[in-house]
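Visitor: Below are the sequence and a predicted model for it; my questions follow.
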Amino acid sequence: MMLHSALGLCLLLVTVSSNLAIAIKKEKRPPQTLSRGWGDDITWVQTYEEGLFYAQKSKKPLMVIHHLEDCQYSQALKKVFAQNEEIQEMAQNKFIMLNLMHETTDKNLSPDGQYVPRIMFVDPSLTVRADITGRYSNRLYTYEPRDVPLLIENMKKALRLIQSEL
């Protein structure tokens, strides 16, 4: 009888500890999110098509960030983007947000070539705003960390343009 209850207790302990180990393992792994480090509090759409749908539906502009994980320029921009409160607040509340590590079939998103980082705005009428540019004539839609004030200005410009055109 004693042996039987000891065996039962042993099995119970094994079950509890293995379940606990599974729970701890799940806890330790950081969640894979669509933010990819650009801002975990932002609601990100998964695809360009989904972004266009929500832009049209919500009457908010879509901001598309093209980047690559192994690109030092993308990484540098991502860091300041994620740390800037004004950008994060606007991205959370006033834009439909998408970050992509691949090109889309829409050639309007690469009017001057496919390079990263590249940030484009699409208004709710689904028009790619090629007129909202950064400060480099050879790569019109790229931004460097020091260009954050211009990026903020361009985000505000994208919002102003839709207000004046609605």
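Guide: Ah, there it is. Residues are numbered from 1 along each chain as shown.

Visitor: What pLDDT is listed against residue 163?
Guide: Turning to residue 163, the model gives it a pLDDT of 73.

Visitor: What of residue 15?
Guide: pLDDT for residue 15: 49.

Visitor: In the protein, where is pLDDT below threshold?
Guide: Where the chain drops to pLDDT under 70, the residues are 1-32, 165-166.

Visitor: In it, what residue spans correspond to strands?
Guide: Taking DSSP state E to define them, one finds strands in the chain at 62-66, 96-100, 118-122.

Visitor: helices or strands next to the first one in the packing?
Guide: With contacts defined as 3 or more CB pairs under 8 Å, 6 or more residues apart in numbering; DSSP states H and E, strand 62-66 has these neighbours: helix 48-58, strand 96-100, strand 118-122. The way it works is simple: take the backbone N, C-alpha and C, and place the C-beta from them, glycine included.

Visitor: Put together JSON lines for those, with mean neighbour count and distance to residue 159 on each row.
Guide: Below are the helices and strands packed on strand 62-66 laid out as JSON lines (neighbours: other CB atoms under 10 Å; distance: least, CB to CB, whole Å):
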{"stretch": "helix 48-58", "mean neighbour count": "17", "distance to residue 159": "12"}
{"stretch": "strand 96-100", "mean neighbour count": "23", "distance to residue 159": "12"}
{"stretch": "strand 118-122", "mean neighbour count": "24", "distance to residue 159": "9"}
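
Visitor: how about these in JSON lines, adding distance to residue 148?
Guide: Formatted as JSON lines, those follow (distance: least, CB to CB, whole Å):
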{"stretch": "helix 48-58", "distance to residue 148": "23"}
{"stretch": "strand 96-100", "distance to residue 148": "16"}
{"stretch": "strand 118-122", "distance to residue 148": "11"}
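
Visitor: of all these, which lies closest to residue 76?
Guide: strand 118-122 (13.7 Å; CB to CB).

Visitor: Dead centre of this structure: give me the residue that sits there.
Guide: In the chain, the C-alpha nearest the mean C-alpha coordinate belongs to residue 35, at 3.7 Å (CA atoms, centre = their mean).

Visitor: Return the residues in contact with that residue.
Guide: By CB atoms under 8 Å, 6 or more residues apart in numbering, residue 35 lies in contact with 42, 44, 99.

Visitor: how much space between it and residue 156?
Guide: Using CB to CB, to the nearest Å, residue 35 is found at 22 Å from residue 156.

Visitor: now swap in residue 47 and tell me
Guide: Residue 47 sits 26 Å away from residue 156, going by CB to CB.

Visitor: With residue 70 instead?
Guide: Note on residue 70: its distance to residue 156, by CB to CB, is 31 Å.
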